[in-house]
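Q: 3D, please:
(one chain, ligands or ions: 1)
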Amino acid sequence: MESKPQGKFTFECEDITPALRDSSSAGRNQVWKNWYDKLISQLGNSEYRFFNYGYLGQEKIELDPAEQDKRNFIELYQRTLGDTDLTGKDVLDVSSGLGGGALWISRRHRPASLVAMDLSTEAVNLCNEWYSDQRNLRFVVGDSESLPFPDSSFDVIYNVESAHCYGNFGAFLEEAQRVLRPDGVFCWSDFQSRSEMADIKSQFMDSGFTTVSFQDITEGVIRSLEFVRNGISEGTLDSNLFIWGGDTDSIQDVIEEFGDWRSYHCCQISMDSSARSSR
Ligand SMILES: C[S@@+](CC[C@H](N)C(=O)[O-])C[C@H]1O[C@@H](n2cnc3c(N)ncnc32)[C@H](O)[C@@H]1O
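A: Model prediction:
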């Protein structure tokens, strides 16, 4: 167990690399669930609302003053959605974590309803407590590989930096197609090793989705990581907003992994209705 100093905040984080390596795909989901539940049970008094590497584009999106310090996390959500129109739609966030992205989207994009789902009961309990005032937003517990919704429930599904946890990505894609309405849109982003990313791309191509484009956004993610690393070292950023706390060495390690063997991609794709009806 390692204990990370967080300024006024401390939490414990277990190394689950061996458990993940030795587990089946179903066991993998349980390992992640236990890990996130344990981590999040310690974060009730924290200011963390996002668990992602963030993204900084060349052009800044307009944000309210209170959102400025979460810009890189919010920009990752916006980059994942691309030009997808959510206004008045029924939307599903799969793996909503601490709900910062879902809250911003429910306010900025004004969907009719946004259901934010996560495997971690602890995360969902906290989100239900923190965001209960947001009328078009609700949080539920669920597994990406067995979505707890009837067929054709949503116009848009998005999924940010979470699929690397899933034991069976193909099962998630099938479930996403089942609960999307005809002509619904699926927006996705995540990091993976370059070889696994190529495999994910083929799974998208072979699924009933019409893959429009698969975009490499690694550069913008590295820009975000460098911004956080530099801001924390120079004392210009509040380390309590970032899950790394003051641990800039870990941020540097992630940046180097992207240089060596990882990439970060996103895509916005629509349902191919004919493929679905023939399933
Ligand atoms: C890296 S966090 C990303 C959270 C959020 N999307 C964000 O960007 O802040 C990954 C999230 O995936 C969730 N998760 C892991 N496996 C899952 C599964 N099989 N089904 C649903 N959620 C899962 C975890 O509980 C965690 O909240």
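
Q: what are the boundaries of the helices in this structure?
A: Counting by DSSP state H, the segments of the chain that form helices are 17-21, 25-40, 71-81, 100-108, 121-130, 169-179, 194-206, 218-234, 248-260, 273-277.

Q: what packs against the third one?
A: Under the contact definition 3 or more CB pairs under 8 Å, 6 or more residues apart in numbering; DSSP states H and E, helix 71-81 sits against helix 100-108, strand 154-160, strand 180-193, helix 218-234, strand 262-271. In short, each C-beta sits where N, CA and C put it, glycine included.

Q: adding mean neighbour count and mean pLDDT, write those out as TSV.
A: As requested, the helices and strands packed on helix 71-81 are arranged in TSV below (neighbours: other CB atoms under 10 Å; pLDDT from 0 to 100):
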stretch	mean neighbour count	mean pLDDT
helix 100-108	22	98
strand 154-160	25	98
strand 180-193	21	95
helix 218-234	18	94
strand 262-271	20	93
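
Q: from the ligand, how far off is the nearest residue to residue 103 once chain neighbours are set aside?
A: Spatial nearest neighbour of residue 103, chain neighbours left out: residue 131 (5.4 Å); criterion: CB to CB, 6 or more residues apart in numbering. Separation of residue 131 from the ligand (CB to the nearest ligand atom, to the nearest Å): 14 Å.

Q: residues contacting the residue in the chain positioned nearest to the ligand?
A: Of all residues in the chain, the one sitting closest to the ligand is residue 97 (2.6 Å; CB to the nearest ligand atom). Contact partners of residue 97, counting by CB atoms under 8 Å, 6 or more residues apart in numbering, are 50-52, 118, 120, 123, 162.

Q: the ligand contacts on the stretch 151-279 of the chain?
A: Neighbours of the ligand within the stretch 151-279 of the chain, by CB under 6 Å from any ligand atom: 160-162, 165-166.

Q: can you tell me which of those residues are buried?
A: The neighbour-count test (16 or more other CB atoms under 10 Å) marks 160-162, 165-166 as buried among those.

Q: and the furthest pair within the residues you listed?
A: In terms of CB to CB, these reach their longest pairwise distance at 160 and 166, which sit 13.2 Å apart.

Q: quick check: the spatially closest residue to residue 237 that is not a sequence neighbour vs residue 257, distance?
A: When the adjacent residues along the chain are set aside, residue 237 lies closest to residue 231, with 3.1 Å between them (CB to CB, 6+ apart). When CB to CB, to the nearest Å is applied, the distance between residue 231 and residue 257 equals 20 Å.
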